[in-house]
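Enquirer: Return atomic coordinates for the entry below.
(one chain, ligands or ions: 1)
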Amino acid sequence: MEIGIDKIGFYTPHLYVDMNKLAYERNVEPEKFTIGIGQEKMAIAPLTQDPVTMAANAALEILDEEDKEKIDFVLFGTESGIDQSKSAAVYVHRLLGLNAQARAVEVKQACYGATAAIQMAKGHIALNPESRVLVLGSDIARYGLNTGGEATQGAGAIAMVVSKDPSIMVFEGPSAYLTDDVMDFWRPAYSGEAFVDGKLSNEQYIAFFSRAWDQYKAKTGLELADFDAFSFHLPYTKMGKKALKAVLDEGSEADSERLLANHQIGAIYNRNVGNIYTASLYLSLLSLLEQNEDLQDGSRIGLFSYGSGAVGELFAGRLKNGYREHLHVERHRELFATRKEVTVSEYEEIFQETLPTDGSRLELDIHQDPANVCLSGIEGHARQYVNKASGIREEKVAAHVER
Ligand code: HMG
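Expert: Sure thing, here's the model as predicted:
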């Protein structure tokens with residue numbers, strides 16, 4: 001049975017900051033951010049967008065009535081979840097109006113979460129061939145104003161329907177994966193921002209890729225020449241290029257040219273969004289599929305997932321005949337084209353806005369946000385969500401909760 005990606009949707013908030021202008025304000029040469037890091041624009045999430053709303057917005061563009069009926073598992077990869085207990089998947093399940101006969105859980109291991117979700121989805125479909133699984137990756141990357149990681153922040157989500165006989169990509173063969181306890185990046189439960197050892201994280205990323213690649217070759221007998229492209233988890237676009245370069249001397253000049261050119265195309269969306277943690281690898285895959293019109297049906301694409309802490313996995317997929325017809329290239333062009341630039345001081349202001357944590361009520365102006373699904377406020381410690389498209393209002397006021 002063939003199992004893979006049947007549909008893929010994407011969402012990023014409507015605000016961004018220009019990296020040249022951020023560099024100017026931070027007294028850094030713009031080329032450090034645009035070339036050294038490889039980022040052009042950084043998506044900014046207003047208070048009306050959180051990982052739940054972004055994931056729901058990404059899913060809304062791909063789900064039809066049949067999906068809503070057949071999806072029996074919602075797997076939500078995130079590392080910026082909104083609750084220590086209730087999974088973000090349950091909120092999305094409701095906001096999308098999915099069939100109640102479904103499982104809904106959150107999966108966490110830094111940026112690896114959505115890949116773990118894909119592997120779980122594969123197993124679920126192998127046992128239940130008629131089912132469809134909604135895999136979500138959604139995150140807001142925050143390091144803090146004026147920090148070393150600031151230029152590698154971002155916000156956005158990817159939604160994928162994983163099923164048998166998929167329309168876009170079939171997962172192929174064995175995976176290579178590894179875990180090692182490394183303190184390169186983490187976010188304690190009491191902190192809204194991540195702690196990071198930037199240099200160590202870069203080294204570990206490359207080391208994990210090299211080890212996974214060696215393991216993958218040993219398991220499959222495949223080599224660089226067998227791949228049309230590699231998609232990487234992209235915390236910033238230069239990172240994937242560095243990892244790819246670490247193995248390129250194994251192949252021919254033609255392999256280097258092809259893989260580097262496709263890496264650049266796969267980085268287009270990420271350059272304009274920033275790090276979206278769990279969804280970054282799949283945003284890079286989407287960028288490659290939508291922006292490279294020369295990719296042939298049947299092309300083999302390697303996918304490298306890295307989640308700090310750390311877990312890495314390398315696996316592959318092959319493009320299905322006619323995959324392009326199942327993409328939403330025009331919609332994504334419009335999503336990028338209609339974004340609004342904010343100044344650095346506006347970004348700083350948005351960054352510092354937070355929801356009340358004392359149980360008080362806050363109502364947000366969702367009319368300023370063009371997205372369908374928005375956070376409309378908070379009441380009694382419960383987030384209030386609205387799906388403008390369906391009129392679903394998530395008014396789960398925790399009035400009965402005694403504190
Ligand atoms: P930094 O210290 O600000 O930057 O930190 P740098 O001094 O290392 O410079 C960056 C690059 O810009 C260098 O290139 C410079 O040479 C170049 P490289 O040597 O690396 O190729 N540069 C210039 N280029 C052109 N013109 C110039 C210029 N000036 C300098 N004028 C760092 C950078 C990425 C470490 C920092 O932003 C950071 O800590 N980010 C967060 C951590 C991160 O993204 N790590 C990536 C691997 S870990 C990962 O992927 C997991 C993660 O997504 C989390 C998860 O799993 O949940 C982060």
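Enquirer: quick one, phi/psi of the nearest residue to D297 once chain neighbours are set aside?
Expert: For D297, ignoring the flanking residues on the chain, the nearest one in space by Cβ to Cβ, 6 or more residues apart in numbering is N321 at 4.3 Å. Every residue, glycine included, has its C-beta placed from N, CA and C. Dihedral angles of N321 (phi, psi; degrees, to the nearest 10) stand at phi -60, psi 130.
Enquirer: how many neighbours does N321 have?
Expert: Residues lying near N321 (other Cβ atoms under 10 Å) number 10.
Enquirer: ok, it touching S299?
Expert: No: counting by Cβ atoms under 8 Å, N321 stays clear of S299, with 11.0 Å between them.
Enquirer: who does the helix or strand harbouring D72 touch, helix- and strand-wise?
Expert: Per DSSP states H and E: D72 is located in strand 71-77. Contact here means 3 or more Cβ pairs under 8 Å, 6 or more residues apart in numbering; DSSP states H and E; on that basis strand 71-77 packs against helix 88-95, strand 103-107, helix 113-127, strand 132-141.
Enquirer: so what's the nearest residue to L75 once chain neighbours are set aside up against?
Expert: For L75, ignoring the flanking residues on the chain, the nearest one in space by Cβ to Cβ, 6+ apart is A117 at 3.7 Å. Taking Cβ atoms under 8 Å, 6 or more residues apart in numbering, we find A117 in contact with L75, F76, G77, V107, V135, L136, G137.
Enquirer: low pLDDT regions in this protein?
Expert: 391-403 (pLDDT under 70).
Enquirer: residue contacts, the most centrally placed residue in it?
Expert: Nearest to the geometric centre of the chain sits A279, at 1.0 Å (Cα atoms, centre = their mean). A279 makes contact with G77, A114, G137, S138, D139, G156, A157, I158, according to Cβ under 8 Å, 6+ apart.
Enquirer: domains of the protein?
Expert: 3-168+329-402, 176-318 (automatic domain parsing).
Enquirer: The shortest one near the ligand at all?
Expert: Yes: between domain 176-318 and the ligand, judged by Cβ under 6 Å from any ligand atom, the touching residues are 185, 196, 198, 201-202, 205, 233, 235-236, 238-239, 275, 277, 306-308.
Enquirer: closest to L127 among the residues you listed?
Expert: Distances from L127 to the residues of domain 176-318 next to the ligand, taken as Cβ to Cβ, are shortest for G307 (25.4 Å).
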